[in-house]
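Student: what's the 3D shape of this:
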Amino acid sequence: MDLANQKIIRLTHIAENDLEYYQDIMDFIQQNNEFEPYLVYVTLENPTTIKLPSLVTVKDHLLFYVAQAAVSPSYGAKVYDWVKNGDLTKLTAKKRSEIENVLNYPHYNNIKNVDDVDTIDIKGVGDGAKSFVKQYYFGIKNICLYSERRFQKGLSIVCKRKITTSEAKKISEAWTNKHIGYMLCLQIGDYVK
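Tutor: Numbering: from 1, shown residues only. Here you go, the predicted structure:
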C-alpha cells in the first residue's frame, strides 16, 4: 500500500474515533502545510490522552523523564526500571547524579498546581522535564518539549536543515496546536530515514 493510501486510512480511523483529535490535526496542517507529506506518521491515538500508569506523583514523572533523557527509548526504559528498583549502580555517573538530585528534592509538597512546576529548581531538570510534568501530571494539552532530541530530529527533517534548540523553541511557540506538531516531529524523527 502506498503512503497516500496509508495516510487516508489513518486519518479516516482518527476522524471516526476521535473527532477532536482529527480536527486538531487538520487545523495544525492548515497552518503548517510543510507537515502535510508526513501525515502518514500521525499516531492513531491522541498522545495527550495517553496515561503513564506507573507514574503517580510529580516525583515519579520527573524520574521517568530524567531516566529517558538523552538516551534511546529502549535504554531509557531500562534506566527507569533500575531507578524504580533502587539500583542506581548501573547508571553513568552523570545520570546517577541527576536521578539522585530528583530523589533528594525536598519541595514536592509545594507543587500543588501547574504554575508551581516552574518553581522546581533541580540541577539536571530543565524546561523539557517541567513541560513533561505539566502535560502528563497536570494534563495540560498544548505543550511542546522543544529541547527533546527526537523532536529536534523530526523538525530538522521537515525543515530540511539542522534545527537548534533555540530555533525549535521559536518555531514551536508559533504553533497553535503545539501537541500535534510535537507528536508529528517525534514520529518523523523516529520513522523517517
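Student: Residue 110 against residue 116, yeah?
Tutor: Yes. With contact defined as Cβ atoms under 8 Å, residue 110 and residue 116 form a contacting pair (6.2 Å). The C-beta positions use only the backbone N, C-alpha and C, and glycine is treated the same way.
Student: Neighbour count for the two, which is higher?
Tutor: residue 116 (15 against 10; other Cβ atoms under 10 Å).
Student: out of everything not next to it in sequence, what's closest to residue 164?
Tutor: residue 152 (7.8 Å; Cβ to Cβ, 6 or more residues apart in numbering).
Student: and the one you found, helix, strand or coil?
Tutor: Using DSSP: H, G, I helix; E, B strand; the rest coil, the three-state assignment for residue 152 comes out as helix.
Student: One more: the one 4 residues further on?
Tutor: State at residue 156, reduced to three classes by three-state DSSP: helix.
Student: what sits against it?
Tutor: Applying Cβ atoms under 8 Å, 6 or more residues apart in numbering, we find residue 156 in contact with 162, 163.
Student: And it, how far from residue 140?
Tutor: Distance, residue 156 to residue 140, by Cβ to Cβ, to the nearest Å: 26 Å.
Student: Can you tell me the element the residue most central in space within the chain falls in?
Tutor: The chain has residue 145 as the residue nearest its centroid, 5.4 Å off, counting by Cα atoms, centre = their mean. Assigned by DSSP states H and E, residue 145 falls within no helix or strand.
Student: Domain-wise, how is this structure divided?
Tutor: Listed by automatic domain parsing, the domain ranges of the chain are 3-49+144-191, 58-136.
Student: number of nearby residues for the residue nearest to residue 164?
Tutor: 20.
Student: What score does residue 113 have for pLDDT?
Tutor: What the model reports for residue 113 is a pLDDT of 94.
Student: Surely it and residue 140 touch.
Tutor: No. Checked against Cβ under 8 Å, the pair residue 113 and residue 140 is beyond contact range at 10.7 Å.
Student: More neighbours: these two, which one.
Tutor: A count of neighbours by other Cβ under 10 Å puts residue 140 above the other of residue 113 and residue 140, at 15 against 7.
Student: which residues sit in contact with that one?
Tutor: Contacts of residue 140 by Cβ under 8 Å, 6+ apart are 114, 134.
Student: how near is it to residue 130?
Tutor: 11 Å.
Student: and what of residue 95?
Tutor: 19 Å.
Student: same thing with residue 153?
Tutor: Residue 153 is 21 Å from residue 130, by Cβ to Cβ.
Student: same thing with residue 171?
Tutor: 19 Å.
Student: More neighbours: the two, which one.
Tutor: Remark: of residue 171 and residue 130, residue 130 carries more neighbours, 22 against 18, as counted by other Cβ under 10 Å.
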